[in-house]
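S.K.: Need coordinates for the below:
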Amino acid sequence: MKKAVKQKVVIDCFPESAERYKKDHAIVVIDVIRATTTATTAVALGRRVFPVMTTDEAFVLSSSHKNALLAGELGGNMPDGFEMNNSPAQAALRKDIHRPMILVSSSGTQLLMNAVGSEAVYIACFRNISAMADHLAKNHQQVAILGAGTRGQFRREDQMGCAWVAERLVQAGYEAETRETAECIGRWRGVSHQEVRGGRSAAYLMKSGQEHDLEFVLSHIDDVAIVPELVQGELLSATGTAAGYIHGRSAA
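M.R.: Residues are numbered from 1 along each chain as shown. Okay, here's the model as predicted:
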């Protein structure tokens, strides 16, 4: 008789970490500021989203999609030839949702594409914590929740996002796979999302005149019921239709 696999969850960080979990975990990628928030927002609005690792890949892929929207950043700067920064606030305001978004970022899309080949690959941010945890608990025994990291640091907003999804899984009966996972969950249990304001990512957004993205992140908490899953290069809703609603609030 085949031995049942115990439900486990692990938290880790950085694009290279995906390789450690591809064999036997479903992977959740979290880059709150800003790639997974931008992508989740776009998918929730009904836009097609294609993450890539490099600008070269973005330009090549754009030739296969009519009127594609090139969006993203590398090193904090929007690449030449791109139309939109890696901005969830901009993604929410744009009316051209018929245009497929091709998204590149310094860390988030790198980690996302590195995770290809695992049992399943999802993205999460502050907008879909509960929906993500519910979906994982129903569909996967072993889950790796990975923060993208920025400049070699596991930024506090990603720690928080990872911890909050993992905490819900532990409440559902999962076991923390490592001591570091349990510590991360404990560190951020019950902490206000406003603590993001004291981190380096928030400081960068304020210094660079992109505080609109910080305010977007902090004003959209657990408000969409969508679980974007990477399937053959595209982020698709694993929970049905886009533009979901939670607590009477729209996905935008």
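S.K.: before we move on, what SS does Val116 have?
M.R.: Of the three states, Val116 takes coil under DSSP: H, G, I helix; E, B strand; the rest coil.
S.K.: Please name the bridge partners of the residue lying closest to it once chain neighbours are set aside.
M.R.: Using C-beta to C-beta, 6 or more residues apart in numbering and skipping residues adjacent in sequence, the residue nearest Val116 is Leu230, 6.9 Å away. Every C-beta, even on glycine, is put in place using the N, C-alpha and C of the backbone. Beta-bridge pairing for Leu230 (DSSP bridges): Leu235.
S.K.: wait, Leu230 sits on Leu112?
M.R.: Yes: the criterion here is C-beta atoms under 8 Å, and Leu230 meets it with Leu112 at 6.3 Å.
S.K.: Quick one: the strands in the stretch 51-200 of the chain, in order.
M.R.: In the stretch 51-200 of the chain, the strands defined using DSSP state E, counting those that start in this stretch lie at 69-72, 101-104, 121-124, 142-147, 175-176.
S.K.: Give me the sheet partners of the longest one and which way each runs.
M.R.: As defined by DSSP bridges, the strand partners of strand 142-147 come to strand 8-13 (parallel), strand 26-30 (parallel).
S.K.: Columns mean pLDDT on top of those, output as TSV?
M.R.: Formatted as TSV, the strands paired with strand 142-147 follow (pLDDT from 0 to 100):
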stretch	mean pLDDT
strand 8-13	98
strand 26-30	98
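S.K.: Mean neighbour count, those strands: which tops it?
M.R.: Mean neighbour count (mean count of other C-beta atoms under 10 Å) peaks for strand 26-30 among these, with a mean of 29.
S.K.: hmm, who's touching that one?
M.R.: 18, 21, 36, 108, 111-112, 115, 118-125, 132, 136, 139-140, 142-148, 158, 161-162, 165 (C-beta atoms under 8 Å, 6 or more residues apart in numbering).
S.K.: Name the next helix or strand following it along the chain.
M.R.: helix 35-44 (DSSP states H and E).
S.K.: what angle sits between that following helix and strand 26-30?
M.R.: 100 degrees (axes from the mean of the first three to the mean of the last three C-alpha atoms, to 10 degrees).
S.K.: Tell me the buried residues in helix 35-44?
M.R.: Buried positions in helix 35-44, judged by neighbour count with 16 or more other C-beta atoms under 10 Å: 35-44.
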